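S.K.: test case, fold it:
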Amino acid sequence: MDNNTRFNLYIQAIEQFAQREGHSRCPALHVEVVGGREVAVGAWVGYVRQRYKKGVLPADRVARLNAVPGWEWGPLKPGPATNYPRNSEILQMRQRGMSLRQIADSFDLSRQRVHQIVKRTNA
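M.R.: From the prediction side, this is the model:
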């Protein structure tokens, strides 16, 4: 699959997600099904945001993403919807010696997100 075809597939995936969810803040591990094909759109969203921040994302692709309903370039930070009870439970699990992987699997989160929660709470 060439880069333009791949980009268009991911655009379809994020547009489908945004239409259904009302925003484009796609979880990092989210997989969207487009035309019967699984598309790891969550990881891709992070990737294009990094390329944009570095100034290496082509202008035509920036324009396509800006046209996605609810698209945000970031920085994306937890807002009022932060799940305090979940985060407290994560901290307790970590204090009991559970690994980041075990905790991440329990909550369907990335290990990086669990690490951020633990680090922020312990700061």
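
S.K.: okay, the longest helix belonging to the chain in CSV with CA atoms only?
M.R.: Within the chain, and with DSSP state H defining each element, the longest helix by residue count is helix 3-21. Output in CSV follows, covering the C-alpha atoms of helix 3-21 (Å, rounded to 0.1, in the frame of the first residue of the first chain):
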residue,chain,number,x,y,z
ASN,A,3,1.7,6.3,1.5
ASN,A,4,-1.2,8.2,0.0
THR,A,5,-3.5,5.2,0.1
ARG,A,6,-2.5,4.5,3.6
PHE,A,7,-3.0,8.2,4.7
ASN,A,8,-6.5,8.2,3.1
LEU,A,9,-7.3,4.9,5.0
TYR,A,10,-6.3,6.5,8.3
ILE,A,11,-8.2,9.7,7.5
GLN,A,12,-11.3,7.6,6.9
ALA,A,13,-10.7,5.8,10.2
ILE,A,14,-10.4,9.1,12.2
GLU,A,15,-13.4,10.6,10.4
GLN,A,16,-15.4,7.6,11.2
PHE,A,17,-14.3,7.7,14.9
ALA,A,18,-15.0,11.5,15.1
GLN,A,19,-18.4,11.1,13.6
ARG,A,20,-19.4,8.4,16.1
GLU,A,21,-17.7,9.9,19.2
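
S.K.: tell me the domain boundaries of the protein?
M.R.: If the domains of the chain are taken from automatic domain parsing, they occupy 3-66, 84-122, with pieces of a single domain joined by a plus sign.

S.K.: hang on, the earlier thing: buried residues in the longest helix of the chain?
M.R.: For helix 3-21, burial by neighbour count (16 or more other C-beta atoms under 10 Å) applies to 7, 9-18. C-beta here means a position set from N, CA and C on the backbone, and glycine is covered the same way.
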